[in-house]
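J.: A structural model of the following input is requested.
(chains A and B)
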Amino acid sequence: MPETEQGNHHLKSRTNGQWLQELRAGGTIQEQAIAELRETLLRGSLYTFHRYAGEVGQLDQDQVLQWAEDCTQEALVAVLKHLADFRGESKFTTWAYKFAINTVLMAIRHERWKSVSLDELEPDHWNGSHSDGSMDRITIRGEVSEILRVAIQEELSDKQRQVIKLIVFDEIPMDVVVERLGTNRNAVYQLLHDARLKLKQRLIQSGFGVAEVLELFSAR
Amino acid sequence: MDEKGLDLFLKRILKTEEHEISCSECFDLVSVYVDRELSGSLPDRAMKRIALHLEQCRACREEYEILRDLVQYESSRQIPSLQDLLRSYHPRHP
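T.: Predicted structure coming up:
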């Protein structure tokens, strides 16, 4: 049997109801269910590390496995803590995997950026010039760029401008920005959303139609 | 920001809606979104709001893409073994 097919063939196949029942059962049934959930989550953790192998430096297999196991334990605790939130609208394993993936990605992002000070990042470089397309298109794209540049400076709040700079221009992962600013992901997303809304409204007030500009910036 | 980055930023601006779901709401529902997407179900209003959030939020989109691919592997019974997954990394130095 090819190695990939051996991945998890020994794990018991469960319905959503069986997962919930056995994870709450107590005794050896619960122990077995938790053990198999852990193995499932470990696979999710390792898959995530596999996808982001380029981000975690020169780690060896033992180090990655240990890191994955640590993340898996954290994800397992989260899954068991949130069992009551599972509504059965998806497969249980799909629902559980996301905890492992989220935990691993946050760990990777934190590790990758831990030595970078946000204060040391270079100031904005707004390149409003465009080289593709007809002269009309280049001109209009230039106008749109300038409107956005001015709107970012004049219409956004300081916090909105800050997160736009960090996340959009500097491409700092949101989790890193959240951690450095001592806030949460929802709050940062709300700042980005409100900023985008202001910029969109500014473009519309300047006479640019949404569909028109989308077409302009999509065409190559 | 280069030209491509500006284009992407502009598209996100233009696709912004008055009310968008939060990252927490997206996390709550992304497993439903993935299973329905892979089963070929047509998106309802809630799923469309998740799709918009995933267009706007890089962090959530990265998590979604891994979840989708992992679930796809699982459903096709091609999920990689632990050894396969560790092959991206070199063995421990002696």
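J.: now the helix or strand bottoming out on mean pLDDT in chain B: buried residues?
T.: Using mean pLDDT, DSSP states H and E, helix B:82-86 stands out as the lowest-scoring helix or strand of chain B, at a mean of 82. Within helix B:82-86, the residues that qualify as buried are B:L82, B:D84, B:L85, B:L86, counting by 16 or more other Cβ atoms under 10 Å in any protein chain shown. Every C-beta, even on glycine, is put in place using the N, C-alpha and C of the backbone.
J.: any part of it near chain A?
T.: Yes - using Cβ under 8 Å from any Cβ of the partner chain, helix B:82-86 comes into contact with chain A via B:L82, B:Q83, B:D84, B:L85, B:L86.
J.: run the chain-centre distance for the one helix or strand in chain A whose mean pLDDT sits lowest.
T.: Ranked by mean pLDDT, DSSP H and E, the helix or strand of chain A with the weakest confidence is helix A:210-218, at a mean of 77. Distance of helix A:210-218 from the chain centroid (Cα atoms, centre = their mean, to the nearest Å) equals 27 Å.
J.: which other helices and strands contact that helix?
T.: helix A:135-154, helix A:185-205, helix B:3-14 (3 or more Cβ pairs under 8 Å, 6 or more residues apart in numbering or on different chains; DSSP states H and E).
J.: in the longest one, what counts as buried?
T.: Right, helix A:185-205. Taking 16+ other Cβ under 10 Å as the neighbour-count basis, helix A:185-205 is seen to contain the buried residues A:185, A:188-200, A:202-203.
J.: repeat that for the first one.
T.: Within helix A:135-154, the residues that count as buried by 16+ other Cβ under 10 Å are A:I140, A:R141, A:V144, A:S145, A:I147, A:L148, A:A151, A:I152.
J.: what about B:R36, neighbour count?
T.: Using other Cβ atoms under 10 Å in any protein chain shown as the criterion, B:R36 is surrounded by 19 other residues.
J.: excluding chain neighbours, what is closest to B:E62?
T.: A:L105 (6.3 Å; Cβ to Cβ, 6 or more residues apart in numbering or on different chains).
J.: tell me the SS of that neighbour?
T.: At A:L105, secondary structure determined by DSSP: H, G, I helix; E, B strand; the rest coil is helix.
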